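Peer 1: structure, please.
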Amino acid sequence: MSQDLIRIGDLSRETGVPIATLRYYASEGLIECVRTRTKYRMFSEQAVALVQRIVHLKSLKIPLAEIRRILKAGSQTGEARREHVQELRQRLERILEHKQVWAEEERKVRLLLASVAHEGVGGDVEGQIAVTGGAGLDGADGDPEMFGGIR
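Peer 2: Model (predicted):
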């Protein structure tokens, strides 16, 4: 047995990742292991850094399918890597567009809340909605239930 290989339990202790999760990562091809004659899973020392990177990416709420692509792109060069970078830039652009839409929705709802609170509980809600425009209060996707059915 080579000195640079570690058992799954040691990898778990070093990374804080449960053994079952490490088995899953290995079955999904995220980390590589070799099997001994006695069927122990053995990992290279580099697996520690790789698992820590996976944990970091998961903490950013990145799904495993995307993590797989990130890890694969890290080993790629040329056109495949440029395509992945372009896809990520497009994804970021879409996120920023949605963020602007929701920021505007938030602004409208805050204005509506402020005007309703100013009028008091028994105030003229219909009049206040007219003052704030009422446009877009059904959510960015046109769902009238988005803000409790306010129209």
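Peer 1: can you show me the helices along this protein?
Peer 2: Ranges of helices within the chain are 8-15, 19-27, 46-59, 64-75, 79-119, 125-132, based on DSSP state H.
Peer 1: select, out of these, the one closest to residue 38.
Peer 2: Closest to residue 38 of the helices of the chain is helix 8-15 (Cβ to Cβ; 12.8 Å). C-beta here means a position set from N, CA and C on the backbone, and glycine is covered the same way.
Peer 1: tell me how far the closest one is from the chain's mean position?
Peer 2: 25 Å (Cα atoms, centre = their mean, to the nearest Å).
Peer 1: could you pull out the buried residues of that helix?
Peer 2: The neighbour-count criterion (16 or more other Cβ atoms under 10 Å) identifies 8, 11-12, 15 as the buried residues of helix 8-15.
Peer 1: what's around residue 42, how many residues?
Peer 2: Residues lying near residue 42 (other Cβ atoms under 10 Å) number 18.
Peer 1: distance of it relative to residue 30?
Peer 2: With distances taken as Cβ to Cβ, to the nearest Å, residue 42 is found 16 Å from residue 30.
Peer 1: could the helices of the chain go into CSV alongside mean pLDDT and distance to residue 36?
Peer 2: Conversion of the helices of the chain to CSV gives the following (pLDDT from 0 to 100; distance: least, Cβ to Cβ, whole Å):
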stretch, mean pLDDT, distance to residue 36
helix 8-15, 95, 11
helix 19-27, 94, 14
helix 46-59, 93, 15
helix 64-75, 81, 25
helix 79-119, 88, 34
helix 125-132, 49, 69
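Peer 1: fine by me, thanks again.
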